[in-house]
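Prediction below, plus the sequence it came from.
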Amino acid sequence: MDKVKRFAKEDLVTSDGSNLGKRGLCERGSSGETILHLACFRGNKECIRWIAEEFPELINEGHIRKKRYLGETALHLAVVKSEIGDIDIVEFLVEKGAKVNGPLAIGTEFKNPYYEDRLNRDGTYRPLVRNREIEDRHNDRGRTYFGQTVLQFAAASGKDKILRYLVENEKDPADLTVADQYQNNVLHILAYHGYFKQFEYIKNRNEADIKAGKTTVNLMKQRNMDALTPLQMGASRGHVAVLDQIKENTFKFGKESTFRIPINEIDPLLEHEPHSILRETPSSVIELALMNDNKEIICHRVIDALLKWKWALYARQIFLARMAAAIFFTVVLTLSISLQPFTLSERKAYVGFQNTIRLVSEVLTWLIAFLLVILELRAFRLRYNQATDFLTQLNTHSPYNTIRIHSESSHSRNRDLQTENIVFGVTAMLAYLHLLSFANGFSTTGPLLVIFKRIVIDDLPRWLTLYFALTLGFAAAMFLQMQSTGITDWSTFLGSTVWIIRFLFNQGVYTDFWAASTPVVAQALFLVYSFVTVVLLLNVLIATLVETFNIVNRDSKRVWKVEFANLILDIDAHLSISDKQTYLPYIGWSEPTSPKSPQARNTPTTFTSIPTPRYFLYTERITSSGEKETVKLVVGSDSSGRRIEFVPFPHDKYWSGWSLWGGGGVGGRVEEEREDDELDDWTQVGDSEWEVTGVQAAPVANSSK
């Protein structure tokens, strides 16, 4: 310490004899740091105290000249380097005049690769992209992102005592509303890193400041450069605990308590009002969770209840209509193919009863395919991941629009007939494969489809890599042995490869090997290949499939819920403006804003109005076992402002609750059903009834207030 004092008090003399002052005050390190920066970095409390008292000018000086640490003050470093629970140095520096609301640390070291990789040349940032988001989060890019303010440094470090001191000190209390260059406030930083104890503290502090009139800025409503609120930031980073931070307690008595959950930022229909749903930059919690394939968030009780309510309200009927249309199209397409004549000239002649039926089925195929393409083009402009989604839908629907090839040139008729047959065949296969996608709407077949997709996408390609490597090698060796036999199938390398593949299915002709140039070698190759592929490799595939099935099956329900949520989101994307205005009033309960609220509730929701805060209202009770159970859930209001209560159905009840109603049209009633004193997904606690209008279900009179 004595050496430090002597060195710091020495005069700094340049080569020309100029005296710049004391070395401790004037000399800078290679990165532009002062000796106070260095002392804070080393955590030497005695040295820090002496330097701050001897050279107070250094307390608020940031790194200079070098871009790497530009703007970082000693207080920034003290926050980061202090041990958890130790506020001595931070408190000392603040008391000595260090500015908590001082300069921002804007050096390159404090930039976030998560954002900087999306920086355009004009200084703007590209929006979130599905693959980039997943890759960045899995690689934990941006894990050293601290923000830029002193308070954000404390938040990113997870140091609770320092954070509270910076906020509560009387010398220079931290301004909670300051944001960094990415427009992230302190709640964004806490949600980014997943420190939700501190998140709750700052959130409550901000709410208290708003009530006291100290600020009008609601940190929970502020959006960053990606248009994400702190809630959505946490969801984007995969932190399911962020959903527990938005609970607003309203009442507690004994073992029973009530609270509400705001859902505007959770549901796509509410979040994007007045904008189009699924715009290029996704922002609702459900969209972000799906973008990252986050099972934990999708299976959270709030998200789960919201998705089930939307399924019961309108998505189930729309899904059923879609499935019926797809089945009808596939049946018509199959009928059209089954009636196709053998020759091209006969296909052009629509004479007779059978050909008339064929003509009708072909026209229907064209019309339905054209309608499907129009619907997808309409939804294309509404989607957040437009390119990927459009290609996916195009691969599904465009082959339906089969192009008939009717060339008049006789020499090309056979070729045109073959081309048409290939197009028909591919169309039929894709149509039936498309029907598999509807398995996601069923809790029984949905998980099986998830397992099937996982096996096809992950396991099968790896196995085929090994199989084709062996097959091509043995095919080359067998071709050299069999090409001189005069057998057509063995005369080309491609034919030899096909025959080698047929060995896997026990379709080889063993006697052909006697005609090989070296029969013993050909037979040996056959035996070795059969043993390696049929005995070893095939059993490896079976064992791999069994293992994958067991692994995926244990979590298949949660994985399927992600697919189910994607299904709901796709249905939302295809809703018309009028449909959205019909369903929106029933998604979430809202507080009366005036004595005329019943009349206000009767006013149709428009996409030009300011979004009204919507909530799910929970009533919980602590059971005898100490667990919490939901005894009531209010999910919306009817046209009279009365509350709609909903009991989320279990995993195997997604299609329960159906009833027949007179005529099935407007004015019909869906009867209430009770099973073991529990309500199904259509009914409401009390004496409520439901009115069915088209594919929608809306609550009517006798709802409980």
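Yep, it's here.

Number of residues surrounding residue 552?
Applying other Cβ atoms under 10 Å, we find 18 residues neighbouring residue 552. (Glycine included, C-beta is placed from N, CA and C.)

Now do the helix or strand hosting it: which elements does it pack against?
Taking DSSP states H and E as the definition, residue 552 sits inside helix 538-554. Contact analysis of helix 538-554 by 3 or more Cβ pairs under 8 Å, 6 or more residues apart in numbering; DSSP states H and E lists helix 446-454, helix 460-482 as its packing neighbours.

ok, 7 Å please
With contacts defined as 3 or more Cβ pairs under 7 Å, 6 or more residues apart in numbering; DSSP states H and E, helix 538-554 has these neighbours: helix 446-454.

Taking helix 460-482 as reference, get the angle to the helix it packs on.
Calculated by axes from the mean of the first three to the mean of the last three Cα atoms, to 10 degrees, helix 446-454 forms an angle of 40 degrees with helix 460-482.

just the CA coordinates of helix 446-454, formatted as PDB?
Output of helix 446-454 as PDB, limited to C-alpha atoms (Å, rounded to 0.1, in the frame of the first residue of the first chain):
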ATOM      1  CA  GLY A 446     -51.300 -36.100 -31.100                       C
ATOM      2  CA  PRO A 447     -48.500 -37.600 -28.900                       C
ATOM      3  CA  LEU A 448     -48.200 -40.500 -31.300                       C
ATOM      4  CA  LEU A 449     -47.600 -38.100 -34.100                       C
ATOM      5  CA  VAL A 450     -45.000 -36.300 -32.100                       C
ATOM      6  CA  ILE A 451     -43.100 -39.600 -31.500                       C
ATOM      7  CA  PHE A 452     -43.400 -40.500 -35.200                       C
ATOM      8  CA  LYS A 453     -42.000 -37.100 -36.300                       C
ATOM      9  CA  ARG A 454     -39.100 -37.300 -33.800                       C
END
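
Next one: residue 611, what pLDDT does it get?
On pLDDT, residue 611 comes in at 65.

Offset the numbering so it begins at 6, please.
In the new count, where the first residue is 6, that last one comes out as residue 616.

Run the chain-centre distance for the helix holding residue 557.
A distance of 27 Å separates the centroid of the chain from that of helix 543-559, by Cα atoms, centre = their mean, to the nearest Å.

Buried residues, that helix. List them.
Neighbour-count burial for helix 543-559, with 16 or more other Cβ atoms under 10 Å as criterion, is recorded at 546, 549, 553-554, 557.

of those, closest to residue 121?
Set against residue 121, the nearest of the buried residues of helix 543-559 by Cβ to Cβ is residue 557 (36.4 Å).

which helices and strands does whichever strand or helix holds residue 382 pack with?
Using DSSP H and E, residue 382 maps to helix 358-385. Here helix 358-385 is seen to pack against helix 321-343, helix 391-402 when contacts are counted using 3+ Cβ pairs under 7 Å, 6+ apart.

looking at those helices, which has the lowest confidence?
Across those, helix 391-402 has the smallest mean pLDDT, namely a mean of 44.

and the residue nearest to residue 592 when sequence neighbours are not counted, bridged to which residues?
Once flanking residues are discounted, residue 592 sits nearest to residue 641: 5.8 Å by Cβ to Cβ, 6 or more residues apart in numbering. In this entry, residue 641 is beta-bridged to residue 649, by DSSP bridges.

Look up how far residue 268 lies from residue 641.
Separation of residue 641 from residue 268 (Cβ to Cβ, to the nearest Å): 10 Å.

Common neighbours of the two, please.
The contact sets of residue 641 and residue 268 overlap at residue 593 (Cβ atoms under 7 Å, 6 or more residues apart in numbering).

Walk me through the domains of this structure.
With automatic domain parsing as the criterion, the domains of the chain are listed as 30-245, 454-559.

Hmm, residue 300 and residue 567 touching each other?
Yes - Residue 567 lies in contact with residue 300 (Cβ atoms under 7 Å); the separation is 5.8 Å.

Rebuild the buried residues of helix 543-559 as TSV, extending it with pLDDT and distance to residue 60.
Formatted as TSV, the buried residues of helix 543-559 follow (pLDDT from 0 to 100; distance: Cβ to Cβ, whole Å):
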residue	pLDDT	distance to residue 60
546	92	72
549	91	68
553	86	65
554	86	69
557	80	64
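
Mind telling me the two of these farthest from one another?
546 and 557 (16.0 Å).

Now the helix holding residue 382: buried residues?
Those would be 363, 366-367, 369-370, 373-374, 377-378, 381, 384, for helix 358-385 by 16+ other Cβ under 10 Å.

Return the closest of those with respect to residue 315.
Using Cβ to Cβ, those come closest to residue 315 at residue 384, 17.4 Å.

Look at that closest one and report its pLDDT.
Reading off the model, residue 384 has pLDDT 60.

With residue 94 instead?
On the pLDDT scale, residue 94 is placed at 92.

Now do the SS call for it.
What DSSP: H, G, I helix; E, B strand; the rest coil gives for residue 94 is helix.

Contact partners for the residue nearest to it when sequence neighbours are not counted?
Nearest residue to residue 94, sequence neighbours excluded (Cβ to Cβ, 6+ apart): residue 83, at 4.6 Å. Going by Cβ under 7 Å, 6+ apart, residue 83 touches 45, 94-95, 98.

So the closest residue to residue 114 other than its chain neighbours versus residue 470, what's the distance?
In space, and not counting its chain neighbours, residue 114 is closest to residue 73: 5.0 Å by Cβ to Cβ, 6+ apart. As for residue 73, its distance to residue 470 is 45 Å (criterion: Cβ to Cβ).

Same drill for these two, tell me which one is more crowded.
Neighbour totals were compared for residue 73 and residue 470, and residue 73 leads with 12 against 9 (other Cβ under 10 Å).

any idea how far that one lies from residue 150?
Taken as Cβ to Cβ, the span from residue 73 to residue 150 is 15 Å.

give me phi/psi at residue 428?
Backbone torsions of residue 428, given as degrees, to the nearest 10, read phi -60, psi -40.

got it, and residue 231?
phi -90, psi 10.

can you count the residues close to it?
Neighbour count for residue 231, taken as other Cβ under 10 Å: 24.

if I look at it, how far off is residue 583?
Applying Cβ to Cβ, the value for residue 231 to residue 583 is 30 Å.

Then residue 488?
69 Å.

Give the residue from those two that has the larger number of neighbours.
residue 488 (17 against 9).

number of nearby residues for the residue lying closest to that one once chain neighbours are set aside?
Among residues not flanking residue 488 along the chain, residue 496 sits closest, at 5.8 Å (Cβ to Cβ, 6+ apart). As a burial measure, residue 496 scores 15 neighbours (other Cβ under 10 Å).

Equivalent analysis for residue 185, please.
Residues near residue 185, counting by other Cβ under 10 Å, number 24.

wait, what's in contact with it?
Counting by Cβ under 7 Å, 6+ apart, residue 185 makes contact with 109, 152-154, 157.

Between those, which sits nearest residue 257?
For the contacts of residue 185, the nearest to residue 257 is residue 157 (33.9 Å; Cβ to Cβ).

Run a quick neighbour tally on the nearest residue to the closest one once chain neighbours are set aside.
Sequence neighbours aside, residue 194 is the residue nearest to residue 157 in space, at 4.8 Å (criterion: Cβ to Cβ, 6+ apart). A count of neighbours around residue 194, defined by other Cβ under 10 Å, yields 30.

quick one on the thing from earlier: tell me which helix or strand the residue nearest to residue 94 sits in.
Residue 83 belongs to helix 79-86 when assigned by DSSP H and E.

Give me the buried stretch members for that helix, please.
For helix 79-86, by 16+ other Cβ under 10 Å, it's 79-85.

a markdown table for the residues you listed, including distance to residue 631?
Formatted as a markdown table, the buried residues of helix 79-86 follow (distance: Cβ to Cβ, whole Å):
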| residue | distance to residue 631 |
| --- | --- |
| 79 | 49 |
| 80 | 45 |
| 81 | 45 |
| 82 | 46 |
| 83 | 44 |
| 84 | 40 |
| 85 | 41 |
